[in-house]
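> What follows is a predicted protein model with its sequence.
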Amino acid sequence: MKSKNINIYFLLILSIFTFSCGEKEDQGDNKYYTEWTSVGDGLSANVTKNVLTEFVGSTNCPYCPEQDALLLSYFDSGHENYVGTAITNKWFLVNYHTYSPSRGDPMYEFHRGTSLTGEDDFCYVRFEEGSWYNISGVPTTFTNGIGTSVYPEMAVAPMAESTPLQMNLDGSNIDGMNVTVRVSISSSLDMTSSDSLCLFIAATMDNIDYTGNNGEPHHPDVFLGWINEGLSGELLSLGNEEVARTYSWTMPSNWPQNNYETSWAQVEYDVSNLAVVAFIQNKYTREVLQVVGYD
């Protein structure tokens, strides 16, 4: 009898261990990778591009509300300008607020660096005197890295292009102000010898309420900060494989207050509108090769 009980106990332990191992295997796609890790084979062929539009403006810009509203009308299913889900499902927006034409936009001031030269200021690095775009004023719009006007077909041509890169954010999670981003990138080419590809992961907030000097009361897709390190992106080395990495980010509890201005009590937002936009950009040509979002 004692021997029989021991055998039953052993089988029970074995079944629990087997079940636990099976659970871990089922969670494979959601594993937390602190470094880039190969998780599968690469693409067998190129894929079509998604589209990123970067809108650069300011609450001190008198011309921004009209252009911003026009761009958003293409995403509004109740508007006559709506371009349809086949396009909007693959079209992502980031709305950057800047110090042009003047300081005082709270959605920019939070990012203002402490240096006089601006090298720790995302706006300086990406749009003004920096190495990515040069702008002479706002509003300015870039679609997949190319300066464009705002018009209904602005996303159509980029979507007709192919790219060797595919991305997804499966396994990502937004819990209140805490964001976990799991980025998976697949390539149809071996680009390990390239030094041109940079990954940007932006945290954004939709539907921020604040009425600035230009009278615009609502602000969509507002850039909150980079989730991965570096104002000029994270350099990638991609082989013909699928790689994955996980990032963690917490929205600053004092946003949008900073040392320059601490009286933005009139800025209102809901953290349930947090979102993520990740894109890969060629640092030489400025071409955005792929983009994906999560909310």
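Here it is on my side, so go on.

> mind listing the helices for the stretch 151-295 of the chain?
Assigned helices in the stretch 151-295 of the chain, in chain order: 156-159 (criterion: DSSP state H, counting those that start in this stretch).

> Who does residue 235 form a beta bridge with?
Beta-bridge partners recorded for residue 235 (DSSP bridges): residue 198.

> Is it correct that it is in contact with residue 194?
No - here residue 235 does not reach residue 194: they are 9.5 Å apart, not a contact under Cβ atoms under 8 Å. Heads up, the C-betas are built off the backbone N, CA and C, glycines and all.

> which residue sits closest to residue 35 in space, ignoring its chain neighbours?
Using Cβ to Cβ, 6 or more residues apart in numbering and skipping the chain neighbours, the partner closest in space to residue 35 is residue 245 (6.5 Å).

> Pull the contacting residues for that neighbour.
33, 34, 35, 36, 37, 182, 183 (Cβ atoms under 8 Å, 6 or more residues apart in numbering).

> Is it possible to mark the buried ones in those residues?
Buried subset of those (neighbour count, 16 or more other Cβ atoms under 10 Å): 33, 36, 182, 183.

> Show me the shaky parts of the stretch 101-250 of the chain.
113-117, 130 (pLDDT under 70).

> wait, residue 102 sits on residue 59?
No - Residue 102 is beyond contact range of residue 59, at 10.1 Å (criterion: Cβ under 8 Å).

> Same drill for these two, tell me which one is more crowded.
Ranked by neighbour count (other Cβ atoms under 10 Å), residue 102 and residue 59 place residue 59 first, with 21 against 11.

> Helix, strand or coil: sort out the more buried one for me.
coil (DSSP: H, G, I helix; E, B strand; the rest coil).

> show me the contacts for it.
By Cβ under 8 Å, 6+ apart, residue 59 lies in contact with 97, 104, 105, 106, 107, 210, 211, 212, 213, 214, 216, 219.

> Give the buried residues for stretch 136-153.
Neighbour-count burial for stretch 136-153 [16+ other Cβ under 10 Å]: 138, 139, 140, 141, 142, 143, 144, 145, 148, 150.

> In the beta-sheet assignment, what are the partners of the residue nearest to residue 35?
residue 183.

> how close does it get to residue 36?
Here the criterion is Cβ to Cβ, to the nearest Å. By it, residue 245 lies 5 Å from residue 36.

> And residue 127, by the same measure?
Residue 127 is 28 Å from residue 36, where distance means Cβ to Cβ.

> separation between residue 45 and residue 91?
Using Cβ to Cβ, we find residue 45 at a distance of 23 Å from residue 91.

> So the two - more neighbours on which side?
Using other Cβ under 10 Å, the more surrounded residue of residue 45 and residue 91 is residue 91, with 22 against 7.

> Sticking with the closest residue to residue 214 other than its chain neighbours, tell me its helix or strand.
Excluding its sequence neighbours, the residue lying closest to residue 214 (Cβ to Cβ, 6+ apart) is residue 62, at 5.2 Å. Using DSSP states H and E, residue 62 falls within no helix or strand.

> Measure how buried residue 62 is and give me the count.
Other residues near residue 62 come to 14 when the count uses other Cβ under 10 Å.

> Confirm for me that residue 283 is in contact with residue 200.
No - assessed by Cβ under 8 Å, residue 283 is found out of contact with residue 200, at 10.6 Å.

> Give the residues shared as contacts by the two.
In contact with both residue 283 and residue 200: residue 233, using Cβ under 8 Å, 6+ apart.
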